[in-house]
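Engineer: 3D model of this:
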Amino acid sequence: MKMATTNFTPAQEQAIRCIEKNVVVSAGAGSGKTRVLVERFVYILEQSLQWGEKPISPRDILAVTFTRKAATEMRDRIRQKLLEKIAKEEGAADFWRECLTALPRAPIGTLHSLCSAILRSNPVESDLDPAFSVMEELETVAFLRDRVRNWLRRQLKAQDGDVIRLCEEYGSSGLLRQILYLQQKGEIRFAVDENLPRYRSSVKELRQTAAETAVCFTEELVQECGPGNKKFCWVVWMPFRKLWPIWRTKGRERFCPTSSGVCVNRGKTRQR
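Structural biologist: Next comes the predicted model:
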């Protein structure tokens, strides 16, 4: 079975057909990179029919690009190619229909979506809440601008001599722009918020308590105890008794991680 790859340059055909080794393609805008990637994707599926084993699925091929628009375009083009295969190759039509069915679940997306999927699949190892979301570019710019502006205000209020001199030289707005520009170029990096170690310590303690609680729930305990049973309530309460003083003395702090560190919201406590 030979795949028709007409109207391709020799270099493009080589990029499409060379699947036995790693390939790096360097090309400018509008040179047909997406078209080559689509053909390469379908070519890999086609070649798997001849490998004598179970053919691979689109879910087995990782295709990553930089923007959502490009990822959507790539998926649409692959879908169109699969429809053409179904119409032209009657002998392998069932295979191409299976590929078309599996295409919506194929890992075709952006670098951000790939990294997010890996982190969500490994929340313990990554030490992240799997319900996290990725900031859009405009949200990130606004977030950093607010953070830097608030930091400048704190330093000026604290009479920081260096910041005062920089503000006199560039103006507060000019200094804000300079800091954001240097951060985008990678010349400066923002330090982790001082609350982050405290947050991680609390998370570690909660995980340890959860592990101790899980050990208590044996099959014998579940069979022996019912709702409202004092023994059941005592076993559940015992591992958490150590956290209650911490919870009260910290004013019932609720920790919420952010991309720059940790922000702490203090709940209202009754004055005694």
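Engineer: Mind checking the pLDDT average for stretch 180-196?
Structural biologist: Model confidence over stretch 180-196 averages 73 on the pLDDT scale.
Engineer: let me fix that: stretch 204-224
Structural biologist: Mean predicted lDDT for stretch 204-224 stands at 69.
Engineer: and if you look at stretch 134-149?
Structural biologist: Looking at stretch 134-149 alone, the average pLDDT works out to 84.
Engineer: could I get that stretch in CSV with only the CA atoms?
Structural biologist: Once non-C-alpha atoms are left out, stretch 134-149 reads as follows in CSV (Å, rounded to 0.1, in the frame of the first residue of the first chain):
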residue,chain,number,x,y,z
VAL,A,134,-3.7,27.4,33.2
MET,A,135,-3.8,31.2,33.0
GLU,A,136,-4.4,32.8,29.6
GLU,A,137,-1.7,35.1,28.4
LEU,A,138,-3.7,38.3,29.1
GLU,A,139,-4.6,37.0,32.6
THR,A,140,-0.9,36.3,33.3
VAL,A,141,0.1,39.8,32.2
ALA,A,142,-2.6,41.4,34.4
PHE,A,143,-1.7,39.2,37.3
LEU,A,144,2.0,40.0,37.1
ARG,A,145,1.3,43.7,36.7
ASP,A,146,-0.9,43.7,39.9
ARG,A,147,1.7,41.8,41.8
VAL,A,148,4.6,44.1,40.8
ARG,A,149,2.5,47.2,41.5
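Engineer: buried residues in it?
Structural biologist: Of the residues in stretch 134-149, those scored as buried under the neighbour-count criterion (16 or more other C-beta atoms under 10 Å) are 144, 147-149. C-beta here means a position set from N, CA and C on the backbone, and glycine is covered the same way.
Engineer: Likewise for stretch 64-73?
Structural biologist: Per 16+ other C-beta under 10 Å, stretch 64-73 contains these buried residues: 64-65, 70-71.
Engineer: now stretch 119-132
Structural biologist: Buried residues in stretch 119-132, defined by neighbour count with 16+ other C-beta under 10 Å: Leu119.
Engineer: And stretch 158-172, by the same measure?
Structural biologist: By neighbour count with 16+ other C-beta under 10 Å, stretch 158-172 contains the buried residues 163, 166-167.
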